[in-house]
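Peer 1: The sequence and its predicted three-dimensional model are supplied below.
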There are 2 protein chains.
Amino acid sequence: MPANPERRQVRVELPGRAYPIEIGRGLLDDGATVAGAVPGRQVLLVSNETVAPHYLARLEAALEGRLTASVVLPDGEAHKRLETTMAVYDQLIDAGFDRGCTVVALGGGVIGDLAGFAAATYQRGVAFVQVPTTLLAMVDSSVGGKTGVNHPRGKNMIGAFHQPRAVIADLAVLDTLPDRELRAGLAEVIKYGLLGDPEFLAWLEADIERLLAREPDALAYAVERSCRNKAAIVVEDEREAGRRALLNLGHTFGHAIEAATGYGPWLHGEAIAAGQCMAAWMSAELGWITPADYERVAALFARAGLPTRPPGIGGAAFRRHMAVDKKARDGQLRLVLLRRPGEAVVTGDYPATALTATLAHFEAHHA
Amino acid sequence: MPANPERRQVRVELPGRAYPIEIGRGLLDDGATVAGAVPGRQVLLVSNETVAPHYLARLEAALEGRLTASVVLPDGEAHKRLETTMAVYDQLIDAGFDRGCTVVALGGGVIGDLAGFAAATYQRGVAFVQVPTTLLAMVDSSVGGKTGVNHPRGKNMIGAFHQPRAVIADLAVLDTLPDRELRAGLAEVIKYGLLGDPEFLAWLEADIERLLAREPDALAYAVERSCRNKAAIVVEDEREAGRRALLNLGHTFGHAIEAATGYGPWLHGEAIAAGQCMAAWMSAELGWITPADYERVAALFARAGLPTRPPGIGGAAFRRHMAVDKKARDGQLRLVLLRRPGEAVVTGDYPATALTATLAHFEAHHA
């Protein structure tokens, strides 16, 4: 039996920029894995006030012999903005780091997106490594190269595509993840089942309680399977010219929830759980899935302890916040909808009344 | 005889992202050229307070039928910073522009770099077109895809590679360019001769006065030849892994001049003119070129009305400002030096005493 039965690797096979996602328990204490994944002599570690006390010193120890510096940012989506990236640039310049340096993100999605954007734009791009510390970041935001910050009027409106050189997902860090954050991560895990992996969806429906109980082998399997799903889509369509937009299932609705509530009260995973339920409801309204399919989708999110309805937001406000979402193209609002549970499509080809009915329904039946 | 004898086109043959540099008199009034060069239905024009009153309305007229918006920024290098890009993002969001929009830069290098960075990072990258209005922007900054803004402690420290879809260089706009700006542009034109085109260097030594007199055919030839030199280097090494660094001849010294004087008193072209003279002096100090070669280089810049020495900056301060320059790699300061007039090399392989002697010489003999 191997020493680390949860140890897995997924490769993101982008031509010329292939990189590994290392998955396993205790990887942060595995100096060889960390040292092998982080290139360069100069390394800036970017973390936040919640995560840094637990893991920053361990990561620094694993990088012994490198020239390291670190910057610890305030925690929360509210700080994912252009002004905060300035603190990262300041630290890179203070440390005298050049184009050969590496930026390492140690944290959840906010830290990964923000540090990744700083890496994408410091001296027109330096190396980047992701060390995700939340389930959501492990299965979604750390993989695929999307980086960015929010504009006061729109989520991720400022950003760049910048692939990491490696992702190190240490499952042991999930032991201390708050339940609410774990559930938020499951919203992205379920998404992979819904959008294109019916077999995984069936496994989730059977085993969601094992994930909520943090059983190591269930978590390892869910992280690996999610990353495989994401890697396959990213390799096919890195810049989101087509198929990659499927990963936005629930996100146009979800981003509107986050924007309308001012980013913060609802976690991203919670917002996109409700968003996926809204997309499923609309798909049923269009007759693409059955009402029973919609109930099946909502039931899984409910079992995962996630919201299945948005907060009370007027239809007009909801629509306004959806319209600045990046899935718009030349003014035509494209949505990810379900053909069946396990198969999503990206389309702008639906009667406008279906969207109106969906917003009206959830305005009347909000959380 | 053709209607527009100055009309030329240079193609930047990047695989999958080839684009034309259109050169000619009166192109801004040529609706077909402008409309053909600018993709998309939504177009944001970015300009500054000096340029906009002259040309913005003409560009808008040439784009009749598109959904256009514009943002007019304050003029000057001091505004090339992250905070100013926010005004561009704001305008893009105000206008409701999506991923299919195009950003057009109408101005000099500051506007081009800043608008290009906004285009590179709005919604992770939208289309971009350059309409340079200075000689310097036509021959250098508008071509090759380097975009970015300054950090308070370093020039162009924040940026991205983002190629334009087209460059429209209307030579008629040079008629109203102040003499000082024209000369600053010549510093980059001379650079192409010095770094790798001895035939062009000889032409410049023969005909520099025709450029200073703004003779249309001389300007058209100099712009075209400069763009051909730059395009060839960019195609060979887009991301500056090697040969492209030759384009930084005079720039490590020049950037230090700009940084030490706080960006503004010295135009970029003036700083890199002095910087090229410093690089030539150091090359002579190393014995790579003769003292007569150095005098020949300095004489050409002097005839172009450009500084051949830096302002009074202490050697320690000069070195400090050079050290944060992006040409550093893992702490080793690489410089572009001359093997002969017409051939430059990028190297970190020189005795440290040569740089010390150069800084000491120009501290004693400053402008």
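Peer 2: Yep, it's here.

Peer 1: Name the SS class of the residue in the stretch 151-300 of chain A that chain B sits nearest to, please.
Peer 2: Across the stretch 151-300 of chain A, no residue is closer to chain B than A:G159, which sits at 4.5 Å (CB to the nearest CB). (Glycine included, C-beta is placed from N, CA and C.) Three-state secondary structure (criterion: DSSP: H, G, I helix; E, B strand; the rest coil) places A:G159 in strand.

Peer 1: And for A:I190?
Peer 2: Reduced to three states with three-state DSSP, the structure at A:I190 is helix.

Peer 1: mind checking pLDDT for it?
Peer 2: On the pLDDT scale, A:I190 is placed at 98.

Peer 1: So for stretch A:84-100, mean pLDDT?
Peer 2: For stretch A:84-100, the mean confidence score works out to 95.

Peer 1: Only the C-alpha atoms, please, for it, written as PDB.
Peer 2: C-alpha atoms of stretch A:84-100 as PDB (Å, rounded to 0.1, in the frame of the first residue of the first chain):
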ATOM      1  CA  THR A  84      -4.800  45.400  -3.500                       C
ATOM      2  CA  THR A  85      -2.600  44.200  -6.400                       C
ATOM      3  CA  MET A  86      -0.600  47.300  -5.800                       C
ATOM      4  CA  ALA A  87       0.500  45.800  -2.400                       C
ATOM      5  CA  VAL A  88       1.800  42.800  -4.300                       C
ATOM      6  CA  TYR A  89       3.700  44.900  -6.800                       C
ATOM      7  CA  ASP A  90       5.200  47.000  -4.000                       C
ATOM      8  CA  GLN A  91       6.500  43.900  -2.300                       C
ATOM      9  CA  LEU A  92       8.000  42.500  -5.500                       C
ATOM     10  CA  ILE A  93       9.800  45.800  -6.100                       C
ATOM     11  CA  ASP A  94      10.800  46.100  -2.400                       C
ATOM     12  CA  ALA A  95      12.400  42.700  -2.700                       C
ATOM     13  CA  GLY A  96      14.100  43.600  -5.900                       C
ATOM     14  CA  PHE A  97      12.600  40.700  -7.800                       C
ATOM     15  CA  ASP A  98      13.100  40.500 -11.500                       C
ATOM     16  CA  ARG A  99      11.500  38.800 -14.500                       C
ATOM     17  CA  GLY A 100      12.900  35.500 -13.300                       C
END
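
Peer 1: OK, contacts around A:I158?
Peer 2: For A:I158, the contacting residues are A:L82, A:F117, A:G148, A:V149, A:N150, A:H151, B:Y89, B:T121, B:Y122, taking CB atoms under 8 Å, 6 or more residues apart in numbering or on different chains as the criterion.

Peer 1: Sitting in strands, which of the residues you listed do you find?
Peer 2: A:G148, A:V149, A:N150, A:H151 (DSSP state E).

Peer 1: can you pull the pLDDT of the second one?
Peer 2: In other words, A:V149. According to the predicted model, the pLDDT of A:V149 comes to 97.

Peer 1: my read: A:T308 touches A:C277, true?
Peer 2: Yes - A:T308 is within contact range of A:C277, at 4.4 Å (criterion: CB atoms under 8 Å).

Peer 1: anything in contact with each of these two?
Peer 2: The overlap between the contact sets of A:T308 and A:C277 (CB under 8 Å, 6+ apart) consists of A:A298, A:F301.

Peer 1: Now the buried members of the contacts of A:I158.
Peer 2: Neighbour counting over the contacts of A:I158 (16 or more other CB atoms under 10 Å in any protein chain shown) leaves A:L82, A:F117, A:G148, A:V149, A:N150, A:H151, B:Y89, B:T121, B:Y122 as the buried ones.

Peer 1: And those, which is closest to A:L212?
Peer 2: Distance from A:L212 was checked for each of the buried ones among the contacts of A:I158 by CB to CB. The minimum falls on A:N150, at 29.5 Å.

Peer 1: quick one, what contacts the closest one?
Peer 2: A:E77, A:K80, A:R81, A:N156, A:M157, A:I158, A:Y263.

Peer 1: got the contact list for the residue lying closest to the last one once chain neighbours are set aside?
Peer 2: So that's A:Y263. Distances taken as CB to CB, 6 or more residues apart in numbering or on different chains place A:E77 nearest to A:Y263, at 4.6 Å, with adjacent residues excluded. Under the criterion of CB under 8 Å, 6+ apart, the contact list for A:E77 reads A:V110, A:N150, A:E258, A:Y263, A:G264, A:H268.

Peer 1: tally of neighbours for the fifth one?
Peer 2: I take that to be A:G264. Using other CB atoms under 10 Å in any protein chain shown, the number of residues around A:G264 comes to 10.

Peer 1: For the strand or helix carrying A:D207, which residues meet the burial criterion?
Peer 2: Using DSSP states H and E, the secondary-structure element containing A:D207 is helix A:198-212. By neighbour count with 16+ other CB under 10 Å, helix A:198-212 contains the buried residues A:F200, A:L201, A:W203, A:L204, A:I208, A:R210, A:L211, A:L212.

Peer 1: pLDDT and distance to chain B for the residues you listed - can I get that in JSON lines?
Peer 2: Conversion of the buried residues of helix A:198-212 to JSON lines gives the following (pLDDT from 0 to 100; distance: CB to the nearest CB, whole Å):
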{"residue": "A:F200", "pLDDT": "98", "distance to chain B": "28"}
{"residue": "A:L201", "pLDDT": "98", "distance to chain B": "29"}
{"residue": "A:W203", "pLDDT": "98", "distance to chain B": "32"}
{"residue": "A:L204", "pLDDT": "98", "distance to chain B": "30"}
{"residue": "A:I208", "pLDDT": "98", "distance to chain B": "33"}
{"residue": "A:R210", "pLDDT": "97", "distance to chain B": "36"}
{"residue": "A:L211", "pLDDT": "97", "distance to chain B": "31"}
{"residue": "A:L212", "pLDDT": "97", "distance to chain B": "34"}
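
Peer 1: check contacts around the residue lying closest to A:G342 once chain neighbours are set aside.
Peer 2: Take A:G342 and drop its neighbours on the chain: the residue closest to it by CB to CB, 6+ apart is A:P198, 2.9 Å away. Counting by CB under 8 Å, 6+ apart, A:P198 makes contact with A:R340, A:P341, A:G342, A:E343.

Peer 1: now the strands for chain A?
Peer 2: With DSSP E as the criterion, chain A has strands spanning A:8-12, A:19-24, A:42-48, A:67-73, A:102-107, A:127-132, A:146-151, A:154-161, A:166-170, A:328-329, A:332-333, A:335-340, A:343-347.

Peer 1: can you tell me which of those strands the model trusts least?
Peer 2: Lowest mean pLDDT of the strands of chain A: strand A:328-329, a mean of 54.

Peer 1: How about the residues of chain A by chain B?
Peer 2: A:40-42, A:82, A:85-86, A:89-90, A:93, A:96, A:98-100, A:117, A:120-125, A:146, A:148, A:151, A:153-154, A:156-161, A:239, A:323-324, A:326, A:328-331 (CB under 8 Å from any CB of the partner chain).

Peer 1: Quick one: buried ones out of those?
Peer 2: Judged by 16+ other CB under 10 Å, buried ones among the residues of chain A next to chain B: A:40-42, A:82, A:85-86, A:89, A:93, A:98-100, A:117, A:120-125, A:146, A:148, A:151, A:154, A:156-161, A:324, A:326, A:328.

Peer 1: how about the helices of the stretch 251-367 of chain A, start to end?
Peer 2: Ranges of helices in the stretch 251-367 of chain A, per DSSP state H, counting those that start in this stretch, are A:251-260, A:268-285, A:291-303, A:315-323, A:352-364.

Peer 1: Can you lay out these as JSON lines showing mean pLDDT?
Peer 2: Output for the helices of the stretch 251-367 of chain A, formatted as JSON lines (pLDDT from 0 to 100):
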{"stretch": "helix A:251-260", "mean pLDDT": "92"}
{"stretch": "helix A:268-285", "mean pLDDT": "97"}
{"stretch": "helix A:291-303", "mean pLDDT": "98"}
{"stretch": "helix A:315-323", "mean pLDDT": "87"}
{"stretch": "helix A:352-364", "mean pLDDT": "94"}
